[in-house]
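A.B. asks: Turn this into a model:
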Amino acid sequence: MNSAGQYSAFADAAIFAAVRTPWVDLGGALSQVSPIDLGIKVGREVLARAGIDPLAVDSVLAGSMAQASFDAYLLPRHIGLYSGVAQAVPALGVQRICATGFELLRQAAEQLRDEVQLALCVASESMSRNPIAAYTHRDGFRLGGEVQFKDFLWEALYDPAPGLDMIATADNLARRYGLSRKAVDRYACDSHQRALQAQRDGVWAEEIVTVDNQVFELEGYQPRGISLARRESAVSADSHPRSTDLEALTRLRAVHPGGVQTAGNSCAVVDGAAAALVGRASACTRPALARLLASAVVGVAPEFMGIGPAPAIRLLLQRSGLNLGDIGRFEINEAQAAQVLAVAHELELDSSRLNVEGGSLALGHPLAATGLRLVMTLARQLRQHNLRYGIAAACVGGGQGMALLIENPVYRA
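C.D. replies: Prediction:
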């Protein structure tokens, strides 16, 4: 693999604070909530937790993949306005599929080079509200003609360039790296068990804000709000982690004949949102959550899209002057078990530093929001274990990989 790609280094960027909603299963308590309202919830909460006046925000960056509400075009702007940011502050929509959360942080850090002092980054995804869509009926229906509506959530997993869905690209990696079904299931089992234990230990409690039924007021404008489904009054924990074992995973049928990927060793489908405040490290009046040091993004073959984190991490290390041994923790998104195992094999990563609290196989993967979750989880681990550097990375549909390098601001040698 070559080192082509885009590398950015940041001299004075930090994440002041970050929060997220619980990740809730498809069709669960968050299933009827617009991603805009989930974004407003975490936007307001991260400002409150940081003790920062919303009027101090100079830029709003927000991302969401599917158009999950009729006002989806307005998502970045409405998240900013209803979070209390000044009306004169502009808002920008950001999209890099599964790496959208990373891209929000990268663009925020880039903006700090100019006049921006503080950026509000929000990523929100409602997988449940992905539409049943039609793109060819604007002119109506011909008598006896084909009427074609498709499930956007399902069809979006298919890449027409190689003619493969995302599961098939992971199966390609399994064949390339000689990964057996047993090895893939074993990794998935470990991820589920690690995540369940982490949840029992309460390690994600500081990341998560409880979501309940509420109204968001904005003087002079229509109110917005959250109304939970299934008669829920509040949700405060990730819903997908559950007890499983290798025997149960082994019994599941592969999605594609001869493949290794199943519903049990692929990421869970969930709804959720996350937010972060990015500002200048030199202006932070109390210890930041993490310093943002650098980012790298690369392109890879679409039919092997899941390997993307490997060259992105290599580029990040080459340009930053670090090596694998300098990195205390890696959080690599678990789109599919074979995919993350292939990355680990390619980089020769040991399991003691990789996704040590489980990952998206157990927690779920709300596309745009996952990157922010990975970074806040990584930052907490660095502080907890007094480790200096960490890397968060993800593969990207269509054939990309992105990685972020962060530093523990309270590290003691």
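A.B. asks: what about the strands in the stretch 201-350 of the chain?
C.D. replies: 211-212, 214-216, 224-226, 234-235, 270-280, 290-299, 327-332 (DSSP state E, counting those that start in this stretch).
A.B. asks: likewise the stretch 1-150 of the chain?
C.D. replies: Using DSSP E, counting those that start in this stretch, strands in the stretch 1-150 of the chain cover 6-20, 24-25, 59-63, 91-93, 118-125, 132-133, 150-151.
A.B. asks: residues of the first one that come out buried?
C.D. replies: Of the residues in strand 6-20, those scored as buried under the neighbour-count criterion (16 or more other C-beta atoms under 10 Å) are 7-8, 10, 13-20. Where C-beta positions appear, they are placed from N, C-alpha and C, glycine not excepted.
A.B. asks: V116: which of the residues you listed is nearest?
C.D. replies: Distance to V116 across the buried residues of strand 6-20 (C-beta to C-beta) is lowest for A13, with 10.5 Å.
A.B. asks: Please convert the strands of the stretch 1-150 of the chain to JSON lines, extending it with mean pLDDT and distance to P311.
C.D. replies: Below are the strands of the stretch 1-150 of the chain laid out as JSON lines (pLDDT from 0 to 100; distance: least, C-beta to C-beta, whole Å):
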{"stretch": "strand 6-20", "mean pLDDT": "97", "distance to P311": "12"}
{"stretch": "strand 24-25", "mean pLDDT": "98", "distance to P311": "33"}
{"stretch": "strand 59-63", "mean pLDDT": "98", "distance to P311": "23"}
{"stretch": "strand 91-93", "mean pLDDT": "98", "distance to P311": "27"}
{"stretch": "strand 118-125", "mean pLDDT": "98", "distance to P311": "24"}
{"stretch": "strand 132-133", "mean pLDDT": "93", "distance to P311": "33"}
{"stretch": "strand 150-151", "mean pLDDT": "94", "distance to P311": "32"}
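A.B. asks: how about those, which one is nearest Q107?
C.D. replies: Among those, the nearest to Q107 by C-beta to C-beta is strand 59-63 (5.7 Å).
A.B. asks: Going along the chain, name the helices of the stretch 301-413 of the chain.
C.D. replies: Using DSSP state H, counting those that start in this stretch, the helices found in the stretch 301-413 of the chain span residues 309-320, 337-347, 360-363, 370-384.
A.B. asks: Deepest-packed of those, please.
C.D. replies: helix 360-363 (a mean of 28; mean count of other C-beta atoms under 10 Å).
A.B. asks: what's that helix in contact with?
C.D. replies: Contacts of helix 360-363 with the rest of the structure, by C-beta atoms under 8 Å, 6 or more residues apart in numbering, involve 23, 188, 191-192, 194-196, 238, 240-242, 265-268, 270, 333-335, 337, 370, 373.
A.B. asks: Is it possible to mark the buried ones in the residues you listed?
C.D. replies: Burial by neighbour count, judged by 16+ other C-beta under 10 Å, picks out 23, 188, 191-192, 194-196, 238, 240-241, 265-268, 270, 333-335, 337, 370, 373 from these.
A.B. asks: and the closest residue to M65 other than its chain neighbours, how far is that from Y73?
C.D. replies: Distance criterion C-beta to C-beta, 6 or more residues apart in numbering; nearest residue to M65, sequence neighbours excluded, is L367 at 4.5 Å. Distance from L367 to Y73, counting by C-beta to C-beta, to the nearest Å: 18 Å.
A.B. asks: These two: which is more packed in?
C.D. replies: Just comparing L367 and Y73: by other C-beta atoms under 10 Å the higher neighbour count belongs to L367, 30 against 11.
A.B. asks: Please look at that one and S124 and confirm they touch.
C.D. replies: No: taking contacts as C-beta atoms under 8 Å, L367 lies outside contact range of S124: 10.0 Å.
A.B. asks: The helix or strand that contains H192 - what's its average pLDDT?
C.D. replies: In the assignment (DSSP states H and E), H192 maps to helix 181-200. Regarding helix 181-200, the rounded mean pLDDT is 96.
A.B. asks: show me the contacts for the spatially closest residue to V203 that is not a sequence neighbour.
C.D. replies: Nearest non-adjacent residue to V203, counting by C-beta to C-beta, 6+ apart: E357, 6.1 Å away. Counting by C-beta under 8 Å, 6+ apart, E357 makes contact with 194-195, 198, 203-204, 377, 381.
A.B. asks: Please name the bridge partners of V356.
C.D. replies: G358 (DSSP bridges).
A.B. asks: check contacts around it.
C.D. replies: 194, 329, 381.
A.B. asks: can you rerun that using 10 Å?
C.D. replies: Counting by C-beta atoms under 10 Å, 6 or more residues apart in numbering, V356 touches 194, 198, 329-331, 377, 381, 385.
A.B. asks: Then I40?
C.D. replies: So I40 contacts 34, 75, 78-84, 122, 124, 214, 216, 218, 224-226, 273, 275 (C-beta under 10 Å, 6+ apart).
A.B. asks: now do P311
C.D. replies: P311 makes contact with 1-5, 296-300, 343, 346-347, 400-401, 403, according to C-beta under 10 Å, 6+ apart.
A.B. asks: Nearest to the spatial middle of the chain, which residue is it?
C.D. replies: T370 (1.2 Å; C-alpha atoms, centre = their mean).
A.B. asks: Quick check: the gap between that one and A294.
C.D. replies: From T370 to A294 the distance is 20 Å (C-beta to C-beta).
A.B. asks: Distance of the residue nearest to L104 when sequence neighbours are not counted relative to A9?
C.D. replies: Nearest non-adjacent residue to L104, counting by C-beta to C-beta, 6+ apart: C121, 4.1 Å away. Here C121 is placed at a distance of 19 Å from A9 (C-beta to C-beta).
A.B. asks: now swap in C284 and tell me
C.D. replies: 19 Å.
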